[in-house]
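J.: Got a predicted structure plus its sequence, pasted below:
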Number of protein chains: 2
Amino acid sequence: MHKMKCGFIMENEILSSCGLFAGIKGRDLEKLLGCLGAETAHYDKNAILFRAGQPVQACALVLSGAVRAEAVNAAGQHTLMAWHGPGALVGDVLMSTPGGLSPVYVIAAEATTVLFLPFRQIMGGCPECCPAHARLRENLIGEIAQKYWAQRRRLAYLSVSSLRGRIAMYLLDEAKGSATFSLGISRENMADYLCVNRSALSRELARMKQEGLLDYYRDTFRLLDTEALTRWAQ
Amino acid sequence: MHKMKCGFIMENEILSSCGLFAGIKGRDLEKLLGCLGAETAHYDKNAILFRAGQPVQACALVLSGAVRAEAVNAAGQHTLMAWHGPGALVGDVLMSTPGGLSPVYVIAAEATTVLFLPFRQIMGGCPECCPAHARLRENLIGEIAQKYWAQRRRLAYLSVSSLRGRIAMYLLDEAKGSATFSLGISRENMADYLCVNRSALSRELARMKQEGLLDYYRDTFRLLDTEALTRWAQ
DNA sequence: ATAATTCTGTTGCTATGGCAACGCAGCAAT
DNA sequence: ATTGCTGCGTTGCCATAGCAACAGAATTAT
């Protein structure tokens, strides 16, 4: 690993487009990064960013490359828990949890550059109480709240016991009103997300298509009878 | 509803024991509450605290009584989502979510007193940048992070497809190392939490008892073969 | 173009777990 | 004591969904 002070990263478009720095730009952002003691770090493929069981003091914003979060169970098997590409914020919830120890280790999936933002500096604030710092804290709490709702949504799907209901609820959410939409994930990932067997998912989707509830090709769906789907979603 | 400025609530032991005000006491707490513009409000039974579909500007700390959060679906059915007694913090995640609208309405289950804490005042901070204020913000983010992990844990249980595995994982977590422990919830609530049929849960527990994996009476459990249970939990 | 590989759909078999219905124990009200 | 209520355990039935195995698209590499 190879650390350096920020500076060049100012040109990085990730910063301006990521939620954590929303509403902070130009000189404010520059000053804030210095004040935070933010440091970029470069990792070669398979280098470790966070170790399992360790406390997490800072979150990492992925600037380029990608990281994987993996759990290792009692039997010593490694399981992929998450994959984070450019723009992703990693360890934010964990660093905000009092006494929180990482349940996973995080490893560079390829050559990766991240920006480390230490919790203490974010919360402590600069002596001058600058508005950028206040905004950053609001953004951080907003990011965590959003992750909370993402989990809650998935929990809602999994709490539906019937396969059809689970699918209906998920698709209605993803559609967000529009008739035709693309999920952007493979059938297998969809099955994993909904915690169902892939072939069972395909079978049920085929049935729903046959009954005229929806139409689809690969990951592109069109909801034909939202009325009925809503009924199925309970 | 009947609002009043804080003041008398300083004697309330809820404040000193709740996570949100951890590490803040005495004069600091008093000053902080004034600075926040915190207001207690009293609600008669069945009075509404938060309406569904409305933005949430403040969280409510339940001082006495209790509230219910209920969702109303498309068919007009009301479903109990959560029950919050004294010490509970309600609406904290929601007020922290940018543009977040309440998915539920919150209603007083009985005569209830709450302390309202507005998000803007919490995050804005007082002009003097007082340490109590900073601590409050840290506590808030910590509370939200903890709620995140509580969801995540439940998600982990629900993602285990076999009933036995789900039970095993849950009980191993609840045991927290000790052999004998009490869940403090009814069998029916346990079934709801794990999203399984109550009778199926009873049946599987009976099987597990017969196989010597565990023993139980009502909501008190003893794990006899954690080794095997861990294997079942995958 | 051909081959290789990954992704998706299909289908038969079967175990699992949801459902309903009932019995019993504990507890409170009358 | 009787009645009612609630919580928990038990069991038979059977639909649902997991599993495995294969087939055919679609995509990528050669």
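T.: Sure thing, it's come through.

J.: what residue ranges in chain A score low on pLDDT?
T.: Low-confidence regions of chain A, defined by pLDDT under 70, span residues A:1-11, A:125-129.

J.: Quickly list the domain ranges of it.
T.: A:2-154, A:160-232 (automatic domain parsing).

J.: and among those, the most buried is which?
T.: For those, the largest average neighbour count (mean count of other CB atoms under 10 Å in any protein chain shown) is found in domain A:2-154, namely a mean of 17. Glycine gets a C-beta too; all of them are placed from N, C-alpha and C.

J.: Whether that one contacts DNA strand D - can you check?
T.: No. Domain A:2-154 does not reach DNA strand D (CB under 7 Å from any atom of the strand); its nearest approach is 15.0 Å.

J.: touching chain B at all, that domain?
T.: Yes. Applying CB under 8 Å from any CB of the partner chain, one finds domain A:2-154 in contact with chain B at A:73-74, A:93-94, A:96-98, A:100, A:123-125, A:129, A:134, A:137-138, A:140-142, A:144-149, A:151-152, A:154.

J.: sorry, back to before: determine which of the domains of chain A approaches B:Arg222 most closely.
T.: domain A:2-154 (20.5 Å; CB to CB).

J.: Correct me if wrong: A:Gln151 contacts B:Arg152.
T.: Yes. Applying CB atoms under 8 Å, one finds A:Gln151 in contact with B:Arg152, separated by 6.1 Å.

J.: State the phi and psi torsions of the residue most central in space within chain A.
T.: For chain A, A:Ala88 is the residue whose C-alpha lies nearest the centre (CA atoms, centre = their mean; 6.3 Å). For A:Ala88, the backbone dihedrals (degrees, to the nearest 10) come out as phi -80, psi 150.

J.: tell me the SS of the closest residue to it other than its chain neighbours?
T.: Excluding the flanking residues, the one nearest A:Ala88 by CB to CB, 6 or more residues apart in numbering or on different chains is A:Val62, at 4.7 Å. Here A:Val62 is recorded as strand under DSSP: H, G, I helix; E, B strand; the rest coil.

J.: surely A:Ser64 meets A:Pro86?
T.: Yes. Between A:Ser64 and A:Pro86 there is a contact at 5.7 Å, judged by CB under 8 Å.

J.: just checking, next helix/strand downstream of the helix or strand in which A:Leu117 is found?
T.: Assigned by DSSP states H and E, A:Leu117 belongs to strand A:112-118. Remark: after strand A:112-118, the chain's next helix or strand is helix A:119-124, criterion DSSP H and E.

J.: so the helix or strand that that next one is followed by versus helix B:131-158, what angle?
T.: Once helix A:119-124 ends, the next helix or strand along the chain (criterion: DSSP H and E) is helix A:131-158. Using axes from the mean of the first three to the mean of the last three CA atoms, to 10 degrees, the direction of helix A:131-158 lies 20 degrees away from that of helix B:131-158.

J.: can stretch A:153-172 be found next to DNA strand C?
T.: Yes. Using CB under 7 Å from any atom of the strand, stretch A:153-172 reaches DNA strand C at A:Ser161.

J.: if I look at the residue nearest to the centre of chain A, how far off is DNA strand C?
T.: Separation of A:Ala88 from DNA strand C (CB to the nearest atom of the strand, to the nearest Å): 20 Å.

J.: ok, now A:Phe221?
T.: Counting by CB to the nearest atom of the strand, the gap from A:Phe221 to DNA strand C is 10 Å.

J.: my guess is that residue meets A:Asp173, correct?
T.: No. Contact criterion CB under 8 Å: A:Phe221 and A:Asp173 do not qualify, at 11.8 Å.

J.: still on that earlier bit, can I get the domains of chain A in TSV including distance to B:Arg51?
T.: Below are the domains of chain A laid out as TSV (distance: least, CB to CB, whole Å):
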stretch	distance to B:Arg51
domain A:2-154	19
domain A:160-232	22
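
J.: Minimum distance to B:Ala38: which of these has it?
T.: Closest among the domains of chain A, using CB to CB: domain A:2-154, at 18.5 Å.

J.: if we can go back for a sec, ok and the strand holding A:Leu117 relative to helix A:131-158, angle-wise?
T.: Using the same axes, to 10 degrees: strand A:112-118 against helix A:131-158 is 110 degrees.

J.: give me every residue that touches A:Ala22.
T.: With contacts defined as CB atoms under 8 Å, 6 or more residues apart in numbering or on different chains, the neighbours of A:Ala22 are A:135, A:139.

J.: tell me the phi and psi of it?
T.: phi -60, psi 130.

J.: Over to A:Leu224?
T.: phi -100, psi -30.

J.: Please name the residues that touch it.
T.: A:212-215.

J.: Next: A:Ser64.
T.: A:14, A:86, A:112-113.

J.: now it, which residues is it bridged with?
T.: A:Thr113 (DSSP bridges).

J.: And for the one 5 residues further on?
T.: Judged by DSSP bridges, the bridge partners of A:Ala69 are A:Ala82, A:Val106.

J.: Tell me the secondary structure at A:Asp215.
T.: Three-state call for A:Asp215 (three-state DSSP): strand.

J.: That one against A:Arg222, yeah?
T.: Yes. Contact criterion CB under 8 Å: A:Asp215 and A:Arg222 qualify, at 4.6 Å.

J.: is it true that A:Thr112 touches A:Val67?
T.: Yes. Using CB under 8 Å, A:Thr112 is in contact with A:Val67, at 5.9 Å.

J.: quick one on the thing from earlier: spell out which residues sit in contact with the residue nearest to the centre of chain A, please.
T.: A:61-62, A:67.

J.: any idea which of those is the one closest to DNA strand C?
T.: DNA strand C lies nearest to A:Val67 out of the contacts of A:Ala88, by CB to the nearest atom of the strand, at 19.8 Å.

J.: and the gap between that closest one and A:Phe119?
T.: According to CB to CB, to the nearest Å, A:Val67 stands 19 Å off from A:Phe119.

J.: Could you do A:Cys195 as well?
T.: Taking CB to CB, one finds A:Cys195 at 32 Å from A:Phe119.
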